[in-house]
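Q: I would like the atomic coordinates for the input below:
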Amino acid sequence: MEENKLKGKVALVTGASSGIGQGIAIAMGHAGAKVVVNFHSDEDGARDTQKLIEDAGGEAITARADVSKAEDAQKLIDTAVEHFGRLDILVNNAGIQKDQEFLKMTLEEWQKVIDTNLTGHFLCAQAAAREFVKREVKPEEKTSAGNIIFISSVHDIIPWAGRVNYTAAKGGLQMMMKSLAQELAKYKVRVNAISPGAIKTDINRKEWETEEGRKKMLSQIPYGRIGEPEDIAKVAVWLATDEADYITGSTLYVDGGMTLYPSFSE
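A: Model (predicted):
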């Protein structure tokens with residue numbers, strides 16, 4: 001990761017105690033950003049993220065919050081501004097899964113995923129955007145007043161039986177992102193999404209650590225390898241830099257080709 005690409009910037013990454021969120025927080029710290037590492041329950045994981053950033057010479061703090069609660073979402077943005085003096089980048093990454101067959105899914109299983117994976121992203125984006133629009137950036141300037149990056153999934157367009165709550169939330173993120181990008185463009189606030197494919201994280205460890213599970217995953221990935229959190233982190237860093245200043249309202253699929261309908265390749 002090239003150093004100082006985000007020097008002078010402050011980034012908040014939700015759900016940064018493990019997996020993709022942890023990878024993004026570390027990468028942004030290594031790129032020069034000061035990072036607010038959000039967690040809900042895994043404080044040890046958040047501390048690990050913080051230490052990895054600091055060991056590389058960066059600055060980071062941890063912040064506990066349940067992003068599905070409006071007061072917690074606002075507290076996260078306030079923490080960034082109070083501690084670091086500003087906020088430039090919000091990475092809406094926090095997410096959960098509660099898999100269940102549709103005919104057996106309870107309202108609680110539906111609502112919990114929607115609350116975290118969709119409503120939580122709305123609340124954090126709204127709180128961050130209210131901070132970003134206070135800045136005045138001329139239209140001709142090749143920089144933004146703020147960046148909002150939603151971490152979605154290939155399942156914003158690929159159906160996934162047994163996970164209707166998850167796919168509904170991710171599909172909703174797609175249109176939320178586009179609508180916010182359209183509405184906030186006049187304030188020079190950029191809004192984009194990254195949709196990862198199969199990435200090696202704890203949530204799917206049972207699959208990619210076994211030979212059978214690994215083969216099954218690879219059958220859906222034309223590019224022939226399972227992704228790493230760093231694959232998403234590098235894209236997130238670039239998307240947050242001024243190199244990507246003319247990109248807003250876009251979803252970048254980082255998936256090794258999962259969305260290319262691999263079953264039709266032969």
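
Q: host element of Ala236?
A: If you go by DSSP states H and E, Ala236 is part of helix 229-240.

Q: which residues does the helix or strand that that helix is followed by contact?
A: Downstream of helix 229-240, the next assigned helix or strand under DSSP H and E is strand 251-254. With contact meaning CB atoms under 8 Å, 6 or more residues apart in numbering, strand 251-254 is reached by 152, 154, 156, 174, 177, 192-197, 227, 231-232, 235, 239, 259. Just so you know, the C-beta spots here come from the backbone N, C-alpha and C atoms, and that holds for glycine as well.

Q: circling back: what sits up against the helix holding Ala236?
A: For helix 229-240, the external contacting residues (CB under 8 Å, 6+ apart) are 1, 5-6, 9, 11, 19-20, 22-24, 26-28, 31, 33, 88-89, 91, 147, 149, 151, 192, 194, 196, 199-201, 244, 247, 252, 254.

Q: any idea how far the longest strand along the chain is from the chain center?
A: If you go by DSSP state E, the chain has its longest strand at strand 189-196. Using CA atoms, centre = their mean, to the nearest Å, the mean C-alpha position of strand 189-196 is found 8 Å from that of the whole chain.

Q: got it, and stretch 21-35?
A: 12 Å.

Q: kindly report the same for stretch 136-151.
A: Counting by CA atoms, centre = their mean, stretch 136-151 is centred 18 Å from the centre of its parent chain.

Q: which residues of the stretch 101-250 of the chain fall in helices?
A: Using DSSP state H, counting those that start in this stretch, the helices of the stretch 101-250 of the chain run over 107-114, 120-132, 164-184, 205-208, 211-218, 229-240.

Q: for the shortest one, packing partners?
A: If you count contacts as 3 or more CB pairs under 8 Å, 6 or more residues apart in numbering; DSSP states H and E, helix 205-208 packs onto helix 211-218.

Q: may I have the helix it packs on exported as CSV, CA atoms only?
A: Extracted C-alpha coordinates of helix 211-218, given in CSV (Å, rounded to 0.1, in the frame of the first residue of the first chain):
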residue,chain,number,x,y,z
GLU,A,211,-10.8,-28.9,0.5
GLU,A,212,-14.5,-29.7,-0.4
GLY,A,213,-15.6,-26.2,0.6
ARG,A,214,-12.8,-24.5,-1.2
LYS,A,215,-13.6,-26.4,-4.4
LYS,A,216,-17.2,-25.4,-4.1
MET,A,217,-16.3,-21.7,-3.6
LEU,A,218,-13.8,-21.8,-6.5
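
Q: go through it and flag the buried ones.
A: Buried residues in helix 211-218, counted by 16 or more other CB atoms under 10 Å: 217-218.
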